[in-house]
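Student: the sequence and its predicted three-dimensional model are supplied below.
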Amino acid sequence: MYAALQEFGAPLEGLRPEDFAERGKFFRMGRAPLAVDILPQIDGIDFEEAWANRFEAVIDPASGMRTFFISSDDLIRNKLASGRPQDLADVAALRQAIKDHP
């Protein structure tokens, strides 16, 4: 697993569990269009709410590997709370995608 994360571009060198608790810090791995951002905290929603509303999905059918994702409602709340122009554009796109694919 470690080698696969390194190959994907995960910033593993010197990484400690407590690094994930630092507000404002985030981790990016991969390269567009296959990139993942890990954010320890986000605006507009706390962990307990996000965890209660999460959904689980298979990300690798061959191995059955599953992971959790933030709900679309919570993601929209976060992006609205952030208020940056790109986040507001993302909200419009998310709402349209939800409307088009209920």
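Tutor: Thanks, I have the structure now.

Student: any idea how far the residue lying closest to residue 23 once chain neighbours are set aside is from residue 50?
Tutor: Leaving aside its chain neighbours, residue 23 sits nearest to residue 41 (5.3 Å; criterion: CB to CB, 6 or more residues apart in numbering). For glycine as for every other residue, the C-beta is placed from the backbone atoms N, C-alpha and C. Separation of residue 41 from residue 50 (CB to CB, to the nearest Å): 10 Å.

Student: circling back: and the residue nearest to residue 23, how close does it get to residue 27?
Tutor: Residue 41 sits 13 Å away from residue 27, taking CB to CB as the criterion.

Student: circling back to that earlier point, more neighbours: which of residue 41 and residue 50?
Tutor: Neighbour count, other CB atoms under 10 Å: between residue 41 and residue 50, residue 50 has more, with 19 against 14.

Student: would you confirm that the more buried one contacts residue 74?
Tutor: Yes - Residue 50 is within contact range of residue 74, at 5.2 Å (criterion: CB atoms under 8 Å).

Student: by contact count, what packs against the top helix by length along the chain?
Tutor: Counting residues, the longest helix in the chain under DSSP state H turns out to be helix 85-100. Contacts defined by 3 or more CB pairs under 8 Å, 6 or more residues apart in numbering; DSSP states H and E place helix 85-100 against helix 72-82.

Student: export only the CA atoms of the helix it packs on, formatted as PDB.
Tutor: Taking Å, rounded to 0.1, in the frame of the first residue of the first chain, the C-alpha atoms of helix 72-82 are listed here in PDB:
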ATOM      1  CA  SER A  72     -23.100  16.500  -1.700                       C
ATOM      2  CA  ASP A  73     -25.200  18.700   0.700                       C
ATOM      3  CA  ASP A  74     -22.200  19.000   3.100                       C
ATOM      4  CA  LEU A  75     -19.900  19.800   0.200                       C
ATOM      5  CA  ILE A  76     -22.200  22.500  -1.000                       C
ATOM      6  CA  ARG A  77     -22.400  23.900   2.600                       C
ATOM      7  CA  ASN A  78     -18.600  23.900   2.700                       C
ATOM      8  CA  LYS A  79     -18.200  25.700  -0.600                       C
ATOM      9  CA  LEU A  80     -20.800  28.300   0.300                       C
ATOM     10  CA  ALA A  81     -19.000  28.900   3.600                       C
ATOM     11  CA  SER A  82     -15.700  29.300   1.800                       C
END
